[in-house]
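[1] got a predicted structure here, sequence first:
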Protein chains: 2
Amino acid sequence: MARRPTIADVAKLAGVSRATVSFVLNNRPGVAADTQERVRSAAEELGWTPSSSARALSTGRVRAVGLVLAREPELIGTDPFFPAFMAGIETVISESGDGLMLQMSRPENEVETYRRLAADHRVDGVFLTDLRAGDPRPALVAELGLPAVAVGVPDSGAGLPSVSLDDRPAVRAAVHHLAGLGHRDIAYVAGPEEFVHARRRRQAWSDALTEAGLPEGTLLPGGFTAEGGARATRLLLQRPTPPTAIVYGNDLSATAGMAVAQDAGLRLPEDLSVVGFDDVPLASYTSPPLTTCRANPVSWGRASAQALVELIETGTTADVELEPAALVVRGSTGPAPVR
Amino acid sequence: MARRPTIADVAKLAGVSRATVSFVLNNRPGVAADTQERVRSAAEELGWTPSSSARALSTGRVRAVGLVLAREPELIGTDPFFPAFMAGIETVISESGDGLMLQMSRPENEVETYRRLAADHRVDGVFLTDLRAGDPRPALVAELGLPAVAVGVPDSGAGLPSVSLDDRPAVRAAVHHLAGLGHRDIAYVAGPEEFVHARRRRQAWSDALTEAGLPEGTLLPGGFTAEGGARATRLLLQRPTPPTAIVYGNDLSATAGMAVAQDAGLRLPEDLSVVGFDDVPLASYTSPPLTTCRANPVSWGRASAQALVELIETGTTADVELEPAALVVRGSTGPAPVR
DNA sequence: ACCGGCGTTTAAACCGGTTTGAATGAACGC
DNA sequence: GCGTTCATTCAAACCGGTTTAAACGCCGGT
């Protein structure tokens, strides 16, 4: 089996120097048109493509970006955000032939993972997702000199550019939607409070209650999981006066919550209204269909990738604020029951 | 800002040649113990880590494996298989410091994507998932000389090593379970027939009916989607004599199907039994909890990665057959209704 | 005939590792 | 005292690109 051709083979075949081949390849000006033609057809004939390692070595750019998923393994599969987000990233970086390096790590090894990614110089930059309060990563990437963009949270510190999408309008809209339906006792089943986005959604619920002139609602943790959503719902329904509506941190916990309520003999939405967050593909196909909040993770990924690429190439990039999440009303919300 | 140290800096500080540093780094024999010590502490002091590009260039190994996801973007987020599978891969490759290059592509660009991955030499090997009947990829990777393992299907052709997991026992068990409950009309809502695994599951259903001495059942496409599952279910329920049990190609379509049945006023499992496939996290938290089939995608990823790494390093690897999928009985299946 | 300038091309250095073949020096046997 | 052997170390070539600075050929102008 013939080894892959190198730039020298192409140069020889085209009767030029390696430098000229390189110039043509990177379409630098100053190469005669007919020479370009000869080089191109020689490359074509040999089926030559530059070796990415060699190129990386001399340019100092590896043409890859990194995404670290530092969630508990069980959680990763349940979140529709990441696949869609990654698909968005791909549409951008594959245009320029760049690659996406994925690293999964246990949350406790997260910092170590970034360090290694930077030390080995396997990526030109990284995305920082799932930012937490007091997250060490912004300082870390600054220390490492690793280009990075914060996904989802403005002002993450360390002067990190961010690409964010505001969850809150959708959550507030949900609360106002429920208030308009006559609900006065609206509970919230929250995601893990260490995530900035989980906390922000919860805060939006709380703020909206105040805006709507409603009393404070019950807050329970749901962990963004099915199990957590189910447990929280059970607790809520056991209360002397259960809420008439529950807003969940995501669709997974909402769906599990719906099942618990239905098992308890409640009819949805007549006896209880439910709102989720994410608009997973299943959401339109539950019974009743789930009222939820929809963001656009694909465009989020796209915008994040554009920002990161620009940051890598030019050294700076502007913060981006995407269109906020919006409420999608379906059948799981209805008029509050009369007591 | 100081540029990253190179092997030459370490050599200078330790008072040895670059070659010696390299030997120590790769713990090759023949370096005096005290020299090793000096080199190591010099490296430590400078915080030096070898540049992966430079190393890749001289060794010809880039220390990364590739995974191409060639599904429709909408489908990717709905499948719990991939995140878990990737997590399994990670546990293996991160041990040796290797990376996972992820490429997403539209199904129609799939071949092109593999070609580029190989041409740029960005990965040392790839996983072939979602194999289809007459899939061009086994021949392609053979032509490209790209190490690859087939995931999920033995005998994919071109002498490709495979890591497979038999879906069929679980599906057969499901049918026998239903038959034991008195069901005689068991329908199947299938995934896209072009996928070998989808077709194989469907075949298992069909075979099991025969084994159980039951008449042929109705087969409808469900596309592995919520929408497809819902539509197929509606069609089944409209029939003059609807089936008393439905087996679905995956949990997503099963869950959507359950919702349709419940909307139609059926009680589950009294009026209709439902079986899914995958055992997604939500499956235990639907109402009723979903009887389904469980594989182990994490160990699948692990085994696939081990096989691929061995293939890359030694040139060959044995086929692996994992523990087959198993039936998980929950509340969505029950005795057949008396007509 | 000579010079300056321009467009085109190239030799050679460089990126940061690995690897080979030879040099070094100490220990050993005769 | 001298040739061997062995363990250790190193200089230099190599991987396959990019980039800089210089060389080249050719033109028109004087």
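    Sure thing, it's come through.

[2] give the contact list for the closest residue to A:Glu193 other than its chain neighbours.
    The spatial neighbour of A:Glu193 that comes closest, neighbours along the chain excluded (Cβ to Cβ, 6 or more residues apart in numbering or on different chains), is A:Arg199 at 5.4 Å. Heads up, the C-betas are built off the backbone N, CA and C, glycines and all. By Cβ atoms under 8 Å, 6 or more residues apart in numbering or on different chains, A:Arg199 lies in contact with A:133, A:190, A:193.

[3] of all the residues in the helix or strand in which A:Arg199 is found, which ones are buried?
    Here A:Arg199 is covered by helix A:196-211, with elements defined by DSSP states H and E. Buried residues in helix A:196-211, defined by neighbour count with 16 or more other Cβ atoms under 10 Å in any protein chain shown: A:196-199, A:201-202, A:204-206, A:208-209.

[4] stretch A:137-147 too?
    Buried, per 16+ other Cβ under 10 Å, within stretch A:137-147: A:137-138, A:140-141, A:146-147.

[5] restrict these to contacts with DNA strand D.
    Counting by Cβ under 7 Å from any atom of the strand, nothing from these sits close to DNA strand D.

[6] let's have the residues you listed in CSV, adding pLDDT and distance to B:Ala32.
    Listed next are the buried residues of stretch A:137-147 as CSV, based on pLDDT from 0 to 100; distance: Cβ to Cβ, whole Å:
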residue, pLDDT, distance to B:Ala32
A:Arg137, 92, 41
A:Pro138, 93, 44
A:Leu140, 92, 37
A:Val141, 93, 39
A:Leu146, 93, 37
A:Pro147, 95, 41
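
[7] now flag whichever of those residues is closest to A:Asp124.
    Within these, the smallest distance to A:Asp124 is 6.6 Å, found for A:Pro147 (Cβ to Cβ).

[8] so is stretch A:307-315 next to DNA strand D?
    No: contact of stretch A:307-315 with DNA strand D (Cβ under 7 Å from any atom of the strand) is absent, the minimum separation being 12.6 Å.

[9] low-confidence stretches in the stretch 1-150 of chain A?
    Along the stretch 1-150 of chain A, the parts satisfying pLDDT under 70 run over A:1-2, A:73-74.

[10] strands of that one, start to end?
    Along the stretch 1-150 of chain A, the segments classed as strands by DSSP state E, counting those that start in this stretch run A:64-69, A:99-104, A:125-128, A:148-151.

[11] want to throw those into a markdown table with distance to A:Thr218?
    Output for those, formatted as a markdown table (distance: least, Cβ to Cβ, whole Å):
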| stretch | distance to A:Thr218 |
| --- | --- |
| strand A:64-69 | 32 |
| strand A:99-104 | 35 |
| strand A:125-128 | 33 |
| strand A:148-151 | 31 |
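
[12] please work out which of those is packed deepest.
    strand A:148-151 (a mean of 27; mean count of other Cβ atoms under 10 Å in any protein chain shown).

[13] show me what secondary structure element comes after the helix holding A:Arg199.
    strand A:219-221.

[14] residues contacting whatever helix or strand comes next after that next one, please?
    Going down the chain from strand A:219-221, the next helix or strand is helix A:226-238, by DSSP H and E. Applying Cβ under 8 Å, 6+ apart, the set of residues contacting helix A:226-238 from outside is A:78, A:187, A:189, A:218, A:220-223, A:242-243, A:246, A:248, A:252-257, A:259-261, A:264, A:266, B:281-282, B:284-285.

[15] cheers, nothing more for now.
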